[in-house]
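Engineer: the following block contains a protein sequence and its predicted model.
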Amino acid sequence: MEKDNKILDILRLYEYSMSIGKSLDYYENCDSFLKLLLHRRNLNACWILNLNEKDQLTKKYSIPHGNTINSKLSSNLKSFLNSINNYIIIEYNNDFKEFIPIKVTEGTIVIYKLYQDNYLFLYTNTSNIFKKNSEQLLPVINKLSNTLEACMIFENKQKLLEQLEEKNKDLSNYAHIVSHDLRSPLRNIETLITWLKQDHVDNLNNEAIQFLNSISDNIYIMESLVKGILEYSTINRNDLNLSKLNLNSIINKILEYIDIPENIEIKISKNFPSILGNEHRIQQLFQNLIGNAIKYNNKKQGFVEVGFYEEDEKTIYYVKDNGKGIDKAYHSKIFNAFLKLEDTKNSIGIGLSIVKKIITNYGGEIWLTSEIDKGTTFFFTLEN
């Protein structure tokens, strides 16, 4: 008979344990386990309370629903809760009414310590809660505690991600508004300069024309900055249209429309692997790296090589050149937005920051090796 009871106890503990952890929803786990426990143990009620940093006691869950608990706990009752290690069994008395959301006049309560000042209360108005049963439940209660903590962490993470997404949308909308508001007066200024040159060409001396040309040059730089900010801010928004991409086709298309000086030789590896991605972003990634390799090549006979290789079950892509090279002091800073190593008119210093943001969005990494006056190689990965 005693052996049969032990087998029954083990089966019930297994049943309790299997009812926990089927989801990351806090209330689903409470419902699944505690309703089963109340039924199997013939208990009358259960509830979970949280004691926060301000000594406020709040109810997180209860069966039956009962009253809301949201009050400042007395120092004596706080000390009592803090003294609980695993669990404690008490007979009800009026001192504990602050803990109880339902009407209770007598009975027995078992209080289990859960995670981070959360407590599980099991109540019966009969005497069927014993120390042995409470100890048997400890492994299952610990699993419940760990599961509920994981649920809260997941819920908080989801809330943070939602808030972050909302902030990103706000920033993106702000970037659109600012870019529109800035572009309009810039275009007006450029139009006025054109009219001045056309209508007053006979009244403008060389110095005045130089000033007007300088203004036009700065307008071009400002428009490029605005365009770069807008492009950088929208990388997260327009990447939902994913398709299988032929990288050789994308790279060859880039080479058809970018300006390649006669002294630059371009070498492209054959049989690039196909990847799943957004065509516009992947094209933007390779175009920026190839464009930089061409733009900053100061050799009479320059070359740019675009290739890939396999290492540790990963595909590593690279863009290599024999140009000016990059000082090692800038290797960790080169991907910062608006950092320019040279003060050139056609560069605003955002190309590599866009490259890194695209690669990061694909779960990849980017790094470089470089020697001054010998060239630079950018390596990167893209996780599919």
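Structural biologist: Here it is on my side, so go on.
Engineer: how far does stretch 194-212 sit from the chain's center?
Structural biologist: Using CA atoms, centre = their mean, to the nearest Å, the mean C-alpha position of stretch 194-212 is found 53 Å from that of the whole chain.
Engineer: endpoints of it, how far apart?
Structural biologist: Start-to-end span of stretch 194-212 (CA to CA, to the nearest Å) is 9 Å.
Engineer: who touches that stretch?
Structural biologist: Residues from elsewhere that reach stretch 194-212 (CB atoms under 8 Å, 6 or more residues apart in numbering): I193. For the C-beta atoms, the positions are set from N, CA and C on the backbone; glycine is no exception.
Engineer: over to stretch 279-293?
Structural biologist: Taking CB under 8 Å, 6+ apart as the rule, stretch 279-293 contacts 235, 238-239, 241, 243, 245, 247, 250-251, 253-255, 258, 266, 275, 304, 306, 319-321, 323, 351-352, 354-355, 358-359, 361, 376, 378, 380, 382.
Engineer: now, of those, which are buried?
Structural biologist: Buried subset of the contacts of stretch 279-293 (neighbour count, 16 or more other CB atoms under 10 Å): 235, 239, 245, 247, 250-251, 254, 266, 275, 304, 306, 319-321, 323, 351-352, 354-355, 358-359, 361, 376, 378, 380, 382.
Engineer: restricted to helices, list those.
Structural biologist: Those of the buried ones among the contacts of stretch 279-293 mapping onto helices are 247, 250-251, 254, 351-352, 354-355, 358-359, 361, per DSSP state H.
Engineer: so which residue is dead centre in the protein?
Structural biologist: L161 (6.6 Å; CA atoms, centre = their mean).
Engineer: list the contacts for that residue?
Structural biologist: Counted by CB under 8 Å, 6+ apart, L161 has zero contacts.
Engineer: how far is the strand or helix carrying it from where the chain is centred?
Structural biologist: Counting by DSSP states H and E, the element that carries L161 is helix 131-199. The chain centre lies 9 Å from the centre of helix 131-199; the measure is CA atoms, centre = their mean.
Engineer: same thing with stretch 271-291?
Structural biologist: The answer for stretch 271-291 is 23 Å, by CA atoms, centre = their mean.
Engineer: ok, stretch 88-106 next?
Structural biologist: 45 Å.
Engineer: which parts of it are buried?
Structural biologist: Neighbour counts over stretch 88-106 (16+ other CB under 10 Å) mark 88, 92, 96, 99-101, 104 as buried.
Engineer: show me which of those is closest to L51.
Structural biologist: Closest approach to L51 among these (CB to CB): F99, at 10.3 Å.
Engineer: the closest one reaches L77, doesn't it?
Structural biologist: Yes - between F99 and L77 there is a contact at 7.4 Å, judged by CB atoms under 8 Å.
Engineer: which parts of the chain are strands?
Structural biologist: 45-51, 56-63, 70-72, 87-91, 108-113, 118-124, 243-245, 264-268, 275-277, 302-311, 314-321, 366-371, 375-381 (DSSP state E).
Engineer: the ones you listed into JSON lines, with extra columns for distance to E15 and mean pLDDT?
Structural biologist: Listed next are those as JSON lines, based on distance: least, CB to CB, whole Å; pLDDT from 0 to 100:
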{"stretch": "strand 45-51", "distance to E15": "17", "mean pLDDT": "92"}
{"stretch": "strand 56-63", "distance to E15": "18", "mean pLDDT": "90"}
{"stretch": "strand 70-72", "distance to E15": "34", "mean pLDDT": "77"}
{"stretch": "strand 87-91", "distance to E15": "20", "mean pLDDT": "90"}
{"stretch": "strand 108-113", "distance to E15": "18", "mean pLDDT": "92"}
{"stretch": "strand 118-124", "distance to E15": "17", "mean pLDDT": "93"}
{"stretch": "strand 243-245", "distance to E15": "47", "mean pLDDT": "88"}
{"stretch": "strand 264-268", "distance to E15": "63", "mean pLDDT": "93"}
{"stretch": "strand 275-277", "distance to E15": "43", "mean pLDDT": "88"}
{"stretch": "strand 302-311", "distance to E15": "49", "mean pLDDT": "93"}
{"stretch": "strand 314-321", "distance to E15": "45", "mean pLDDT": "94"}
{"stretch": "strand 366-371", "distance to E15": "52", "mean pLDDT": "92"}
{"stretch": "strand 375-381", "distance to E15": "47", "mean pLDDT": "94"}
